[in-house]
Each structure stands twice: as structure tokens, then as C-alpha cells.
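In: Model the following, please.
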Amino acid sequence: MADFIFKISPNIVLGSYTASRLGQYALEYGTKFMVIMDPVLKESGIASKITDSLSERSVDYFVFDEIPPVADSETAVAALKLARNARVHGIIAVGGGKTISIARVVCALYYENVKSLYDYIDEKLPPPGKMLPLICLPSTCRDDFVFTDRAFLADARSSRIQLVKTQNGLCRLVLWDPNLQVSLTEKQVSCMSIESLAFAVEGYLSPRSTFFSDMILEKAVQLLGYANDGAPGLSVTTPQEVLLTQGGCMASLGAASSSFGAAHILALAINSRYKISRSLVSAILLPYIIEDASSFKAEKLAVLARLLNISHQEDSVASSVSSLADYVRQKIAKVNIPARLKDLSLSIDQLSSAAEDAGDLELMNSLQRSMTTDDLFELIKKAY
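Out: So this is what the prediction gives:
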């Protein structure tokens, strides 16, 4: 098990209607902000609630909502230019992972006067010393990079996934409000719930796991189980959307404290090249990740199965692992989402290119087991 070093950033405020206090919190970091927002939030009325909170506190702001289907480098460059020209005091990111990743890059490179974003991508440079404060309001139950020092972007020159290094402590505050998820469909919420479980499973299996990350991830799995299946008896009366947000937040934190795995990096690579939902790809791959890990981390998988109340202490380890994989497949079938990668209208050759992209990421060094690009492709073929 890896050494344990405890340092947490950002501050987390999680609960219903926490977004209504945004203006109050924003004033701790400045009075002039760029709000980077997913455009879909306009249709649901969430956007106006966010900006009203700022206006009521006399916070000066402008909104950038030209967010493409995939977070790409050209959008980040455009947003960075706008933020610099406006001389903002900080960035507020409202949306899913792509919106928050663009915001992270803007904050990380705001004070860079010499090198371009592409210099940082091509040369894998460490971030500048100075950074702009970032406040995040995720509109989903999970966010893979909000607790890390990385941001993901699709390189607009090649559509390949890139991880840009950011400063530690760049994100100062996360307001996680379950009410922001009203813009999502039931199918999207279900996919993200399974993806959150994938974060937890892969972080739990990682050689970088610690007793802290294991504790967080075990609780995340339990909360996700309660959200999806209900709690035994009447001991838990928390609303489903709150349980899902709690579980997703803890899965994101636990995985960031440990590491993400093969399903995650493949989902990033496929999303970057082909604009396929990361949550959907992760959900499809998760049962195969579980089956792959049965030969080297079966005991830990059995723990997760018991936490989900799909196996019992007296059941064999092998039976518990099988129940866990079946549990995910049943969830996939219940919400009627694709169960195989071939159902995404992608050829095996296209997926091979994505595997090569994923194999170039530094996250390859911390997967649940030692893997090469060929191993990633084998995983793809099993799920195809």
C-alpha cells in the first residue's frame, strides 16, 4: 500500500440549494468573475438562478457558454483570452467535466505571458507558479478531475486526449448542489451513477490506494448502493438525488486520492476522438474491469459486493465477484443503454486508435495492474 499523505483541496459544500449561496462565497475571492457555463443549463432555468445569486451580491460577471460537445484546446484558448482581456478576479465553472476542465486550464495559465497552451501540451510543462481562483458548481453527481492537479482536453489539432498539469489548490471551492442535476435525463443520471461506481472500483483496486482512499471509496459504494437500490430497512431517509451526489463526490475524492483506472482513461480517449459519452463508455467497460481484476484483487471486490448488499459474508469470494459484475450488467440492462462497445457505432479499428491515445497518458503508470496498450486493446475486444 502506498504512503499516506493527507492534503485536501478544495473546500466542499454539499447539499440542496447550496448554489443559491454562490454570491456570498464568491466575494471571498473577488468581485469580478468569468462564469464558464454549460449552455444546456439555460434551458432548464438553472443558469438564471446562478447569475441571480451573483447579482444579488453585486458581483460583476460575464458568462462564457460556447462549450462544444468535447472540451477542446481551441475553446480553452478562446476562454483564456476573454478572461485576460476582462481582467477577472476568478473563474466560476458551472457544468459537467468538460466545462470544469476548460475552467481549470484558464485558471492555471491566466498569468502565463510567454508560452501558449500548446507549449504546455506538447512539452508537458509544469504549470506557472501563480494561478487564478476557481469555484466549481458541478451539474453532475461526479467529477473526475476536480480534486486533482490535472485537466483533460481534446487537442484540436489531432482530437487526441491530453492531460494538462495544473497547480495544487487551484480549485478553492466546490458547491455540490443536487438540484443542478435537473437538466439531466434519467438515462444520463443512471450512466453517471455507474461511472461513479467505476471510479470507486478502480480507485479501490489501484496499487496507489491507501487506508484513507479505501475508507472513502467504501463509503462511496455504500451511498451509491443506497441511491440506486434503497437502504435495508428504513434507516436511511435521505433523498435519492442527495445520496447520489454524496456517493459521486466521495467516489471522485477517493479515486483522486488513489488513482483512476483503465476504464477511465479509455473513456477519456474515446470521448476525445469520437465525442461518445465518457459515462456510457465507463459503464460498458466496468463489468470487464471487475472480471479482469478477479485474478488479483478478488478479496477487495468481494468487500464491495457485500457493501452493495448483493452478496453475504458466507458467500465465496468467487461468487461475490461474479455477483458484482452481474450487478453492473443488470443496471445497464435496466436503463436500456448499450452493453457492448460495438453498439456505439464505432469500428474496432477506431477503438484501437483510442487505445493508443490512452496508452500515452501518464495515468497508465497507476492502473489497477501493470498494463500496456495491447492490454487496453484486449480489454476493448472483450467489451466489443
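In: Number of residues surrounding Q330?
Out: Q330 is flanked by 11 other residues according to other Cβ atoms under 10 Å. Heads up, the C-betas are built off the backbone N, CA and C, glycines and all.
In: and it, which of the three is it?
Out: helix (DSSP: H, G, I helix; E, B strand; the rest coil).
In: and S352, what does it touch?
Out: By Cβ atoms under 8 Å, 6 or more residues apart in numbering, the contact list for S352 reads F377, I380.
In: tell me the SS of it?
Out: helix.
In: Read off the pLDDT value for it.
Out: For S352, the pLDDT comes out at 97.
In: Look up how far D38 lies from it.
Out: Separation of S352 from D38 (Cβ to Cβ, to the nearest Å) stands at 31 Å.
In: and if you look at I50?
Out: 11 Å.
In: Between those two, which has more neighbouring residues?
Out: With neighbours defined as other Cβ under 10 Å, I50 and D38 compare such that I50 has more, 24 against 21.
In: ok, back up a step: if I look at I50 and D38, which residues touch both of them?
Out: Counting by Cβ under 8 Å, 6+ apart, the residues touching both I50 and D38 are V94.
In: My understanding was that L180 contacts I46; is that so?
Out: Yes: between L180 and I46 there is a contact at 5.9 Å, judged by Cβ atoms under 8 Å.
In: who touches both of the two?
Out: Common neighbours of L180 and I46 (Cβ under 8 Å, 6+ apart) are V94, S139.
In: Which of those two has more residues huddled nearby?
Out: For L180 versus I46, the count of surrounding residues by other Cβ under 10 Å is larger for L180: 27 against 24.
In: Skipping adjacent residues, who's closest to that one in space?
Out: Nearest residue to L180, sequence neighbours excluded (Cβ to Cβ, 6 or more residues apart in numbering): S139, at 4.3 Å.
In: To what extent is that neighbour buried, counted in neighbours?
Out: When neighbours are defined as other Cβ under 10 Å, S139 has 28 of them.
In: Next: S322.
Out: 18.
In: same deal with S319?
Out: Other residues near S319 come to 14 when the count uses other Cβ under 10 Å.
In: Give the other helices and strands that the helix or strand where it lies contacts.
Out: Applying DSSP states H and E as the criterion places S319 in helix 317-334. Helices and strands touching helix 317-334, by 3 or more Cβ pairs under 8 Å, 6 or more residues apart in numbering; DSSP states H and E, are helix 186-205, helix 278-293, helix 298-307.
In: Extract the C-alpha trace of that helix and format it as CSV.
Out: C-alpha atoms of helix 317-334 as CSV (Å, rounded to 0.1, in the frame of the first residue of the first chain):
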residue,chain,number,x,y,z
VAL,A,317,-15.1,-14.8,-2.9
ALA,A,318,-15.6,-16.0,-6.5
SER,A,319,-19.3,-15.9,-6.1
SER,A,320,-19.2,-12.4,-4.7
VAL,A,321,-17.1,-11.1,-7.6
SER,A,322,-19.4,-12.7,-10.1
SER,A,323,-22.4,-11.1,-8.4
LEU,A,324,-20.7,-7.7,-8.6
ALA,A,325,-20.1,-8.0,-12.4
ASP,A,326,-23.7,-9.2,-12.8
TYR,A,327,-25.0,-6.3,-10.7
VAL,A,328,-23.5,-3.8,-13.1
ARG,A,329,-24.8,-5.6,-16.2
GLN,A,330,-28.3,-5.7,-14.7
LYS,A,331,-28.1,-1.9,-14.1
ILE,A,332,-27.1,-1.4,-17.7
ALA,A,333,-29.9,-3.5,-18.9
LYS,A,334,-32.4,-1.8,-16.6
